[in-house]
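>>> Just a sequence and a predicted model for now, questions to come.
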Amino acid sequence: GAVVSQHPSRVICKSGTSVKIECRSLDFQATTMFWYRQFPKKSLMLMATSNEGSKATYEQGVEKDKFLINHASLTLSTLTVTSAHPEDSSFYICSARDGRAGANNQPQHFGDGTRLSIL
Amino acid sequence: DAKTTQPTSMDCAEGRAANLPCNHSTISGNEYVYWYRQIHSQGPQYIIHGLKNNETNEMASLIITEDRKSSTLILPHATLRDTAVYYCIVANNNDMRFGAGTRLTVKP
């Protein structure tokens, strides 16, 4: 089955540091990837849609200069949390859908998430 | 802005069938119904999806009403490992937006 790998699984860093999270589709090509954020005991909140070779589309209220997204290839999207502060601490999850023609309405597959803790 | 309504929580006895309902009365004709589950501190796991016909796979069965305004996910023989938050999502080849889901607790 389709596998999405997310790295790192956990990161702890000091306030002011920038943190990069990688999301890879291992056995399929993903023209579109999605980034979510989840607070404790809450549901997933869509942050942005990452499109290969073009700019990401951000949800209302999500700062694009704070959360930089790059989707340079069909198998890799990255989310960089710039100048992270304690309020950015959260569980970040990516997902991807098989972008092949005829794969419409195939399910998204999710990574295992990255737990970011800013001290 | 999820388009689904699910009970907040449910309990099920181990070995019995777990039936998780979902209301999606505003579903569009080309939107599919997807079910995922999330075990604590992991990413959501895909379970099953369907358009209008009932579907079955190795994990579960999906029953969609004829008017497509509601559906039920059935775990035929629940185990303790099925304890998780179950999300019902309607979408059409676009982004998926999660509601609060149903917290299913399987009890011995």
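Great, that's in hand.

>>> which bits of chain A sit near chain B?
Neighbours of chain B within chain A, by Cβ under 8 Å from any Cβ of the partner chain: A:4, A:6, A:34, A:36, A:43-46, A:49, A:91, A:93, A:95, A:104-105, A:107-113, A:115. The C-beta positions use only the backbone N, C-alpha and C, and glycine is treated the same way.

>>> tell me the pLDDT at whichever residue of chain A sits closest to chain B?
Relative to chain B, the nearest point of chain A is residue A:110 (3.8 Å; Cβ to the nearest Cβ). pLDDT, residue A:110: 96.

>>> Same check on residue A:101?
So residue A:101 comes in at 55 (pLDDT).

>>> Grab the CA positions of stretch B:92-108 and hand them over as CSV.
In CSV, the C-alpha atoms belonging to stretch B:92-108 read as follows (Å, rounded to 0.1, in the frame of the first residue of the first chain):
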residue,chain,number,x,y,z
ASN,B,92,-14.0,14.9,-3.8
ASN,B,93,-10.4,14.6,-4.9
ASN,B,94,-9.4,17.7,-2.9
ASP,B,95,-8.3,18.5,0.6
MET,B,96,-9.7,16.5,3.5
ARG,B,97,-11.1,18.4,6.5
PHE,B,98,-11.5,16.6,9.8
GLY,B,99,-14.3,16.9,12.2
ALA,B,100,-14.1,16.0,15.9
GLY,B,101,-14.5,12.2,15.2
THR,B,102,-15.8,9.5,17.5
ARG,B,103,-13.6,8.2,20.2
LEU,B,104,-14.2,4.4,20.2
THR,B,105,-13.2,2.5,23.3
VAL,B,106,-13.1,-1.2,23.1
LYS,B,107,-13.5,-2.8,26.5
PRO,B,108,-12.5,-6.3,27.6
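
>>> Flag every buried residue along it.
B:95-99, B:101-104, B:106 (16 or more other Cβ atoms under 10 Å in any protein chain shown).

>>> Closest one of the residues you listed to chain A?
residue B:98 (4.4 Å).

>>> shaky segments in chain A?
Counting by pLDDT under 70, chain A contains low-confidence residues at A:1, A:100-104.

>>> Hmm, residue A:4 is touching residue A:25, no?
Yes - with contact defined as Cβ atoms under 8 Å, residue A:4 and residue A:25 form a contacting pair (5.7 Å).

>>> residues bridging contact with the two, i.e. touching both?
Counting by Cβ atoms under 8 Å, 6 or more residues apart in numbering or on different chains, the residues touching both residue A:4 and residue A:25 are A:96, A:109.

>>> Tell me how many other residues surround the residue in chain B that chain A sits nearest to.
Residue of chain B nearest chain A, by Cβ to the nearest Cβ: residue B:43 (3.8 Å). Look at residue B:43: counted by other Cβ atoms under 10 Å in any protein chain shown, it has 22 neighbours.

>>> how about the nearest residue to it, chain neighbours excluded?
Among residues not flanking residue B:43 along the chain, residue A:110 sits closest, at 3.8 Å (Cβ to Cβ, 6 or more residues apart in numbering or on different chains).

>>> how about the residues of chain B near chain A?
Of all the residues in chain B, those lying near chain A are B:2, B:32, B:34, B:36, B:41-46, B:49, B:51, B:87, B:92-93, B:95-101, going by Cβ under 8 Å from any Cβ.

>>> ok, now which ones touch residue 35?
Picked chain A for this. A:23, A:46-48, A:50, A:67, A:69, A:77, A:79, A:92-94.

>>> Chain B was what I was after
Here residue B:35 is in contact with B:20, B:22, B:46-49, B:60, B:62, B:73, B:86-89 (Cβ under 8 Å, 6+ apart).

>>> Please consider this matter closed, and thank you.
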